[in-house]
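*Asks:* Predicted model and sequence below, questions to follow.
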Amino acid sequence: MDEINQVEILIVEDNPSDAEMALRAFKKNNLTNKILVVEDGEEALDYLFKKGQYATKNKDSRPKIILLDLKLPKINGLEVLKEIKSHPETKIIPVIVLTSSKEESDIIESYQLGVNSYIVKPVDFEKFVEAVRDLGFYWLLLNQLP
């Protein structure tokens, strides 16, 4: 199997610094090396629904978790979340919103759309690394998926 078919974590993040910090946190804690970072909502949906450059991806492969930013180019995070949770083949994938938005309306809408967790990105680097590490431990090691 190629790397695209082995992804355990899909990170949907348009800020390269935040994506790099998340990658470093996962790798530093030996949680997984099977991570794909996409920079916008359109690419995330293409990956999940096997379109565009991901059309040849194994139909049965799906990430174990999705870390989703809300403020994304092309298709925003709430629209991505809505699509994920409205399709039988993707709705069981845990989606964790990891965003800078503290807007109550974003939090409420995310939960109404079926998000599994909503976390505001810590500004401090060490706290960000801790938050990502804790997410990984819980969602990859403790949580049981169907």
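*Replies:* Alright, I've got the coordinates.

*Asks:* So which elements touch the helix or strand hosting S105?
*Replies:* Per DSSP states H and E: S105 is located in helix 104-112. If you count contacts as 3 or more C-beta pairs under 8 Å, 6 or more residues apart in numbering; DSSP states H and E, helix 104-112 packs onto helix 77-85, strand 117-120. No exception for glycine: its C-beta is placed from N, CA and C like everyone else's.

*Asks:* Please identify the deepest-packed of the ones you listed.
*Replies:* helix 77-85 (a mean of 21; mean count of other C-beta atoms under 10 Å).

*Asks:* Off-centre distance for that helix?
*Replies:* 11 Å (C-alpha atoms, centre = their mean, to the nearest Å).

*Asks:* Quick one: list the elements packing against that helix.
*Replies:* Counting contacts by 3+ C-beta pairs under 8 Å, 6+ apart, helix 77-85 packs against helix 41-48, strand 65-68, strand 95-99, helix 104-112.

*Asks:* Which one of the ones you listed lies nearest to Y54?
*Replies:* helix 41-48 (4.8 Å; C-beta to C-beta).
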